[in-house]
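Trainee: how does the following fold in three dimensions:
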Amino acid sequence: MCTTNRAPRWLLAGLAALLAGVGALAYVRAARLKYDFHHFYLDATYVWRHGTLNRDFANPDPAKRPQLPFYLPAVPLLLSPLTAGGVRPAAAMWTAGHLIALAYSLRVMKRWGQSGAGPQSGTAPLVAGTLLALPAIYEAARFNQLSFVVLALVLAGVSAIERNRPLRAGAWLGLATALKLLPLVFALWLVLKRRWTALGMLLGTVLVVALAPCLVVLGPRATVEHHRQWWEYNVRGAPARGLLDARLREHFLDHRNQSISAVVARLAWSAHPHPAPLRLAALDERACRQVALALSLLLLAGLVWLSRGCGAALGPRGLKGAALAACLRYEAAAYCLAMLILAPLLRTYYLVWALPGLVLLARQALDGSDRRTRRLGGLGLLVWLLGMLGWLSDAARACGVHLLMALALAGTLLALARAYSLRKITQAL
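Mentor: All right, here's what the predicted structure looks like:
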């Protein structure tokens, strides 16, 4: 029987409806300056009007203070041309960027879902993974963050690694890192895969994107000063302390933030302003920070150890088979989850980065060729469903249900990557 890669009409219609819904929601909220687009727009407008960055941290009006202190100084500079025509044109371009990024991500996910050899491989993994990810997709559109764009750039980088295009891979991953910093975790992945050209390109792209706009717009002296301020704010300020300052806004401290430091503090800091219903210890703020740092380093070490498996199979000429590509995809999906697991602020709009993992888990659950890996895929999907049910409970979220869910998903994906490296790589070489 002949097979075709052409998507059925019902799938195209469904994806078009999804994109239309995301576009409508993102544009309406952006045009009304709702949620995070509001912050991007204010800082970008300030740059466009004044030719410099807003650093009025002491302004009594919160809307006139810097809105993006966590981002590299280049980000508001790069976004400033979007504000030249006012709010609505900026909202339209912002929404268009979301839609292009989501459409590209879904296209990559369709290919990843079709890479299996089981009888159900094809569109089913894409459909199942996307349906399961709908709450996260909705949150990403509602908050109007950079979540879709970062996901697309990361997937573009991973796809370039598959095609043995290291310069392109490093450029895409470097751009994602310059925008959000969290994709820097993929630098470790490139080290483990021994993709030195891609790694060098990633680091070079970050430097160019971070410094070139600032040097052109602000000049050398102001560039140095703004980066010094950024370092002081982020490396020596609240983010370095795990965002545990009680003077911060509630969403950094309560159930909405499910980062490692936030969850540890709610479970163990005796003076926490928004404690979890379950108290595991009675520590002070400093001890909670130390525990969170130790856990983060331990998880990062575990990620590196568990994702070293495919590295030995990458020779100087790149990938050598579909099984290797599948192994790398499972690892890359786990690293997408690592971006949110290690984030100092873990909000629901980051959960869209689980989409690659969900599609791969659905593919594995629907593939009847191996009982053990099929069960692992089904287990991963069950973990996601339970985590989404925990979304309905503020108490569960205060205890870190989404953090635990992401950890379990990443572990499952790494176990599947390990299974591929042990069982199939030798057959593909």
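
Trainee: for stretch 51-71, buried residues please.
Mentor: 53-54, 65-71 (16 or more other Cβ atoms under 10 Å). Yep, even glycine has a C-beta here, placed from its N, CA and C like the rest.

Trainee: I'd like the distance between residue 135 and residue 156.
Mentor: 25 Å (Cβ to Cβ, to the nearest Å).

Trainee: report the contact partners of the residue nearest the centre of the chain.
Mentor: The centre of the chain sits closest to residue 353, judged by Cα atoms, centre = their mean, with a distance of 4.6 Å. Residues near residue 353 by Cβ atoms under 8 Å, 6 or more residues apart in numbering: 147, 150-151, 154, 336-337, 339-340.

Trainee: could the residues you listed go into a markdown table alongside pLDDT, secondary structure and distance to residue 81?
Mentor: A markdown table is the format used below for those (pLDDT from 0 to 100; DSSP: H, G, I helix; E, B strand; the rest coil; distance: Cβ to Cβ, whole Å):
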| residue | pLDDT | secondary structure | distance to residue 81 |
| --- | --- | --- | --- |
| 147 | 96 | helix | 22 |
| 150 | 98 | helix | 20 |
| 151 | 98 | helix | 23 |
| 154 | 98 | helix | 24 |
| 336 | 97 | helix | 29 |
| 337 | 98 | helix | 33 |
| 339 | 97 | helix | 27 |
| 340 | 94 | helix | 29 |
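
Trainee: coming back round to it: which one of residue 135 and residue 156 is surrounded by more residues?
Mentor: residue 156 (20 against 13; other Cβ atoms under 10 Å).

Trainee: which SS class is the more buried one?
Mentor: Following DSSP: H, G, I helix; E, B strand; the rest coil, residue 156 is assigned to helix.

Trainee: chain neighbours aside, what residue packs nearest to it?
Mentor: residue 172 (4.1 Å; Cβ to Cβ, 6 or more residues apart in numbering).

Trainee: and the pLDDT at that neighbour?
Mentor: Residue 172 carries a pLDDT score of 98 in this model.

Trainee: and it, which of the three is it?
Mentor: Assigned state for residue 172: helix (three-state reduction, three-state DSSP).

Trainee: pull the number of nearby residues for it.
Mentor: Residue 172 has 27 neighbouring residues, counting by other Cβ under 10 Å.

Trainee: now residue 76
Mentor: 26.

Trainee: just give the nearest non-adjacent residue to it, would you?
Mentor: residue 43 (4.0 Å).

Trainee: roughly how far apart are the one you found and residue 216?
Mentor: For residue 43 relative to residue 216 (Cβ to Cβ), the value is 18 Å.

Trainee: which one's more surrounded, those two?
Mentor: For residue 43 versus residue 216, neighbours defined as other Cβ under 10 Å are more numerous around residue 43 (24 against 10).

Trainee: next one: the host helix or strand of that one to chain centre, how far?
Mentor: If you go by DSSP states H and E, residue 43 is part of helix 36-50. Helix 36-50 sits 23 Å away from the centroid of its parent chain (Cα atoms, centre = their mean, to the nearest Å).

Trainee: also stretch 414-423?
Mentor: The answer for stretch 414-423 is 23 Å, by Cα atoms, centre = their mean.

Trainee: ok, stretch 168-178 next?
Mentor: That offset, for stretch 168-178, works out to 13 Å (Cα atoms, centre = their mean).

Trainee: identify the residues contacting it?
Mentor: 72, 74-75, 149-150, 153-154, 156-158, 160-161, 183-184, 186-187, 190, 195, 197-206, 209-210.

Trainee: weed out the non-buried ones from these.
Mentor: 72, 74-75, 149-150, 153-154, 156-158, 160-161, 183-184, 186-187, 190, 195, 198-199, 201-203, 205-206, 209-210.

Trainee: need the contact list for the residue nearest to residue 253 when sequence neighbours are not counted.
Mentor: Setting aside the residues directly before and after it, residue 253 is nearest to residue 274 in space (Cβ to Cβ, 6+ apart), at 5.1 Å. Counting by Cβ under 8 Å, 6+ apart, residue 274 makes contact with 250, 253-255, 266, 398.

Trainee: name the helix or strand for the nearest residue in space to residue 46 that is not next to it in sequence, please.
Mentor: Nearest residue to residue 46, sequence neighbours excluded (Cβ to Cβ, 6+ apart): residue 54, at 4.2 Å. Assigned by DSSP H and E, residue 54 belongs to no helix or strand.

Trainee: pretty sure residue 54 contacts residue 45?
Mentor: No - assessed by Cβ atoms under 8 Å, residue 54 is found out of contact with residue 45, at 9.3 Å.
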